[in-house]
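J.: Mind folding the following:
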Amino acid sequence: MENIVLTIHLILALCLIGVVLIQRSEGGGLGMGGGGGGAMSARGAATALGKMTWGLAIAFIATSIWLTIIAAENSADSSVLDRVGGSAPVEADVEAPADAPLGGNLLPPPAADAPQQPPRAD
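T.: Modelled structure (predicted):
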């Protein structure tokens, strides 16, 4: 069912893009006003394309909500981390020394314990 709704959603998106691109620019922001003429008047074409745009937009929003509902039902109140099979093992509780700041050693190891770096070839 989800695949069918998703397919309809994608078709609606493509149709909505096409209808919006077909419409004549009323603002002239790009300097491409388009000429008059044609089988329909400019106002009639704008009204028909406007209604088609509104219809496609409402259908697009409806399928978006429908897909959200389907996804919520499929989630079954579980987290993505719950579904991951190979999660890292949880370490046992290790008690930090009492004198450690904030319950653990947050400082880098002393210089004597640090691994040796190979000499750089400059």
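
J.: Look up phi and psi at V20.
T.: When read as degrees, to the nearest 10, the backbone of V20 gives phi -70, psi -40.

J.: can you pull the contacts of it?
T.: Residues near V20 by C-beta atoms under 8 Å, 6 or more residues apart in numbering: T53. Where C-beta positions appear, they are placed from N, C-alpha and C, glycine not excepted.

J.: List the buried residues for the helix or strand that K51 is a member of?
T.: For K51, the host element (DSSP states H and E) is helix 42-75. Residues 49, 52-53, 56, 59-60, 63, 66 are the ones in helix 42-75 that count as buried (16 or more other C-beta atoms under 10 Å).

J.: out of those, who's nearest L16?
T.: Set against L16, the nearest of these by C-beta to C-beta is L56 (4.4 Å).

J.: any idea how far the closest one lies from A71?
T.: 22 Å (C-beta to C-beta, to the nearest Å).

J.: now do E2
T.: To A71, E2 is 8 Å away according to C-beta to C-beta.

J.: Could you list the low-pLDDT ranges of this protein?
T.: 26-46, 76-80, 82-83, 85-115, 122 (pLDDT under 70).

J.: JSON lines please, covering the buried residues of helix 42-75 and showing distance to P118.
T.: Output for those, formatted as JSON lines (distance: C-beta to C-beta, whole Å):
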{"residue": "L49", "distance to P118": "70"}
{"residue": "M52", "distance to P118": "70"}
{"residue": "T53", "distance to P118": "66"}
{"residue": "L56", "distance to P118": "65"}
{"residue": "A59", "distance to P118": "65"}
{"residue": "F60", "distance to P118": "60"}
{"residue": "T63", "distance to P118": "60"}
{"residue": "W66", "distance to P118": "61"}
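
J.: Looking at these, spot the one nearest L81.
T.: W66 (26.9 Å).

J.: and the closest one, what does it touch?
T.: V5.

J.: try 10 Å this time
T.: 1-2, 5-6, 8-9 (C-beta atoms under 10 Å, 6 or more residues apart in numbering).
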